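Chemist: Build the 3D model from these lines:
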Amino acid sequence: MSASPAWLGKAGLIQSAIAVAPTNIFAPDGTPAHAIFGLSMLVLGIVIAIFLVVSGLLLFALIRYRHRPGAESTQEPAQIYGSNQIELSWTVIPVLIVVILFLATARVIFSTEQATKPGDAMDVNVIGHQFWWEYRYPKLGIVTANELHIPVSDPRHPTPAYLTMTSADTDHSFWVPRLAGKTDLIPNKVNVMWMDPQTPGLYLGQCAQYCGTQHAKMLIRVYADTPAEFAAWAAHQRMPAVQDPAVASGRAVFEHNACISCHTVAGTAATGRFGPDLTHVASRDTIASGAVPNTPQNIRLFVDNPAHFKPGVLMPQMHLNNHDLDLVTAYLNSLK
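Modeler: The predicted structure is shown next:
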């Protein structure tokens with residue numbers, strides 16, 4: 001029997017959703033994610049088989065031993081007092097299933113955690129904060145926040161990105177489903193994960209460990225750039241902050257307020273480490289850890305009242321007047 005047109009249409013919608021969903025584990029695009037996907041399909045196949053067997057036996061019992069008109073209600077069914085074969089089967093089969101799942105899971109864990117690191121791998125130090133991500137490239141001298149850029153990895157000559165991860169405050173968990181599994185960021189402990197995206201594009205993720213009131217808005221954006229695009233991005237990030245005379249008044253307001261205690265702008269008096277590095281903040285696509293697009297209007301709203309976008313955020317309200325707020329907004333928008 002051929003599939004109906006309605007089913008074909010539904011299948012097409014499902015395939016389209018899988019293809020475009022940015023956080024779909026069923027559309028892996030990295031070696032660790034492919035391994036996790038294969039393991040997930042094995043587990044799904046086994047549990048579906050168990051469900052079908054158990055449901056089939058229940059359905060058979062319901063139909064085969066249902067009450068029939070005219071049957072003696074007092075008739076006692078045949079009594080079975082034990083079966084070594086049945087008891088052996090329902091003991092051995094579950095043990096074999098558990099062993100298979102254990103070995104398959106261990107294989108994926110060891111293949112990802114014990115993979116040999118190439119000499120030309122990209123190194124990134126990831127530090128989780130409430131409620132944003134800090135990215136440091138030790139080999140390149142780059143510090144940025146919330147938007148991770150890594151080069152695409154050619155399967156014929158893999159160049160994965162190795163992320164050395166820790167936390168500055170509480171527990172976090174770094175999860176980009178299409179690239180790799182979850183890895184926890186724990187204070188005073190270093191964990192390492194790696195990812196090798198094979199297609200240029202944007203991959204979205206999420207902090208997967210509840211870390212406070214703004215956990216849901218601690219988003220992850222991973223940009224897989226072509227080698228040329230990544231080289232251009234890295235060269236731009238290494239440049240000092242733009243010193244535009246047209247926004248000198250805004251820089252003065254920024255430097256004479258508490259902003260410099262929490263934020264860094266390379267080449268200026270701002271050397272704070274508590275908040276995100278703002279040296280090239282205007283070059284990012286989003287602010288507030290991916291919560292809203294990076295526009296002058298949103299920057300102004302966030303500086304004026306950070307809780308407008310992220311209630312419970314640790315950044316305090318600055319209480320600037322409208323004039324100073326406009327100057328600071330213009331200065332931050334000049335930091336390309």
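
Chemist: Could you use CA atoms for every contact and neighbour count after this?
Modeler: Will do.

Chemist: in the stretch 1-150 of the chain, which ranges drop under the pLDDT threshold?
Modeler: Residues of the stretch 1-150 of the chain meeting the criterion pLDDT under 70: 1-21, 70-77.

Chemist: in it, which spans are strands?
Modeler: Residue ranges of the strands in the stretch 1-150 of the chain, as given by DSSP state E, counting those that start in this stretch, are 122-129, 132-137, 142-145, 147-151.

Chemist: okay, the ones you listed in JSON lines with distance to Phe174 and mean neighbour count next?
Modeler: Putting the strands of the stretch 1-150 of the chain into JSON lines (distance: least, Cα to Cα, whole Å; neighbours: other Cα atoms under 10 Å) gives the following:
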{"stretch": "strand 122-129", "distance to Phe174": "9", "mean neighbour count": "22"}
{"stretch": "strand 132-137", "distance to Phe174": "9", "mean neighbour count": "22"}
{"stretch": "strand 142-145", "distance to Phe174": "14", "mean neighbour count": "20"}
{"stretch": "strand 147-151", "distance to Phe174": "12", "mean neighbour count": "23"}
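
Chemist: Which strand or helix spans the nearest residue to Phe309 once chain neighbours are set aside?
Modeler: Leaving aside its chain neighbours, Phe309 sits nearest to Phe302 (6.9 Å; criterion: Cα to Cα, 6 or more residues apart in numbering). According to DSSP states H and E, Phe302 maps onto helix 296-304.

Chemist: so after that helix, what's the next helix or strand?
Modeler: Immediately after helix 296-304, counting by DSSP H and E, sits helix 322-333.

Chemist: same question for that following helix, mean pLDDT?
Modeler: Averaging pLDDT along helix 322-333 yields 92.

Chemist: quick one: buried residues of that helix?
Modeler: 324-333 (16 or more other Cα atoms under 10 Å).

Chemist: a markdown table please, covering the strands of the stretch 1-150 of the chain and showing distance to Asp225.
Modeler: Output for the strands of the stretch 1-150 of the chain, formatted as a markdown table (distance: least, Cα to Cα, whole Å):
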| stretch | distance to Asp225 |
| --- | --- |
| strand 122-129 | 13 |
| strand 132-137 | 15 |
| strand 142-145 | 16 |
| strand 147-151 | 5 |
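
Chemist: Which of these sits closest to Tyr210?
Modeler: The minimum distance between Tyr210 and the strands of the stretch 1-150 of the chain falls on strand 122-129, with 12.3 Å, by Cα to Cα.

Chemist: just checking, what packs against that closest one?
Modeler: strand 132-137, strand 161-167 (3 or more Cα pairs under 8 Å, 6 or more residues apart in numbering; DSSP states H and E).

Chemist: any chance of the ones you listed in CSV, plus distance to Pro28?
Modeler: Output for the helices and strands packed on strand 122-129, formatted as CSV (distance: least, Cα to Cα, whole Å):
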stretch, distance to Pro28
strand 132-137, 23
strand 161-167, 16
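
Chemist: Compare those strands and give me the one nearest Val108.
Modeler: When the helices and strands packed on strand 122-129 are ranked by proximity to Val108 (Cα to Cα), strand 161-167 comes first, at 17.5 Å.

Chemist: Just the angle for that closest one relative to strand 147-151, thanks.
Modeler: For strand 161-167 against strand 147-151, the angle between stretch directions is 150 degrees (axes from the mean of the first three to the mean of the last three Cα atoms, to 10 degrees).

Chemist: what does the next helix or strand after strand 161-167 rub up against?
Modeler: Using DSSP H and E, the next helix or strand after strand 161-167 towards the C-terminus is strand 172-175. Here strand 172-175 makes contact (Cα atoms under 8 Å, 6 or more residues apart in numbering) with 128, 181-186, 205-211, 220.

Chemist: rewinding a little: for the strands of the stretch 1-150 of the chain, which one sits closest to Ala266?
Modeler: By Cα to Cα (comparing all of the strands of the stretch 1-150 of the chain), the closest turns out to be strand 142-145, at 9.8 Å.

Chemist: Tell me how far the residue nearest to Phe309 lies from Arg251.
Modeler: To Arg251, Phe302 is 17 Å away according to Cα to Cα, to the nearest Å.

Chemist: ok so, going back, ok, which of the helices and strands packed on strand 122-129 comes nearest Phe51?
Modeler: Between Phe51 and the helices and strands packed on strand 122-129, the tightest spacing by Cα to Cα is seen for strand 161-167, at 39.2 Å.

Chemist: Return that closest one as PDB; C-alpha atoms alone will do.
Modeler: C-alpha atoms of strand 161-167 as PDB (Å, rounded to 0.1, in the frame of the first residue of the first chain):
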ATOM      1  CA  ALA A 161      38.100  23.700  18.400                       C
ATOM      2  CA  TYR A 162      39.000  22.600  21.900                       C
ATOM      3  CA  LEU A 163      37.100  24.400  24.700                       C
ATOM      4  CA  THR A 164      38.700  24.500  28.100                       C
ATOM      5  CA  MET A 165      35.800  25.300  30.400                       C
ATOM      6  CA  THR A 166      35.300  26.500  34.000                       C
ATOM      7  CA  SER A 167      32.900  28.800  35.900                       C
END
